[in-house]
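Student: When you get a sec, could you give me coordinates for this:
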Amino acid sequence: QVQLLESGGGLVQAGGSLRLSCLASGRIVSTMWMGWFRQAPGKGREFVSSIKWSGDGTGYADSAKGRFTISRDDAKNTVYLQMNSLKPEDTAVYSCAATTEAGVRYVSWGQGTQVTVSS
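Tutor: The predicted model follows:
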């Protein structure tokens, strides 16, 4: 499995920006997908965005389209989530996840990083 460590969360005012980072270690192959998920208090976990490690595929939740951008840096084994125009409803714990080598399902999870957007 892959080990994941998120960073970059914090407190920001509405309209502001944050960049989350997810450092991956272990066996990483191009067919894997890396995803960002979030969970707000009292709510279930929801998908935010994903990227294929090969770089030739990305996906976004409707709530993230136009505001968030996912990217990855091969040399640093890091996936980023640039979040712009943040809203109070973006407040949540954001977690990074990795799929199996076949890219079928997410099996590795980080511990999460808190993002709080004040109004």
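Student: Could you use CA atoms for every contact and neighbour count after this?
Tutor: Noted.
Student: Angles on the backbone of residue 89, please.
Tutor: phi -70, psi -10 (degrees, to the nearest 10).
Student: Identify the bridge partners of the residue lying closest to it once chain neighbours are set aside.
Tutor: Excluding its sequence neighbours, the residue lying closest to residue 89 (CA to CA, 6 or more residues apart in numbering) is residue 117, at 7.5 Å. For residue 117, the beta-bridge partners are residue 12 (DSSP bridges).
Student: so residue 117 makes contact with residue 11?
Tutor: Yes. Assessed by CA atoms under 8 Å, residue 117 is found in contact with residue 11 at 5.9 Å.
Student: quick one, what contacts the residue nearest to residue 89?
Tutor: The contact partners of residue 117, by CA atoms under 8 Å, 6 or more residues apart in numbering, come to 11, 12, 13, 14, 86, 87, 88, 89, 90, 91.
Student: can you count the residues close to residue 106?
Tutor: Neighbour count of residue 106, defined by other CA atoms under 10 Å: 16.
Student: Going forward, count from 37.
Tutor: Noted, 37 is the first residue going forward, which turns the last one into residue 142.
Student: Hmm, it is touching residue 134, no?
Tutor: Yes. Counting by CA under 8 Å, residue 142 touches residue 134, with 5.3 Å between them.
Student: so the spatially most central residue of the chain bridges to which residues?
Tutor: With distances taken as CA atoms, centre = their mean, residue 72 lies nearest the centre of the chain, 2.6 Å away. As for beta bridges, residue 72 partners with residue 85, residue 132 under DSSP bridges.
Student: separation between it and residue 87?
Tutor: Using CA to CA, to the nearest Å, one gets 9 Å for the distance from residue 72 to residue 87.
Student: Also residue 139?
Tutor: According to CA to CA, residue 139 and residue 87 sit 11 Å apart.
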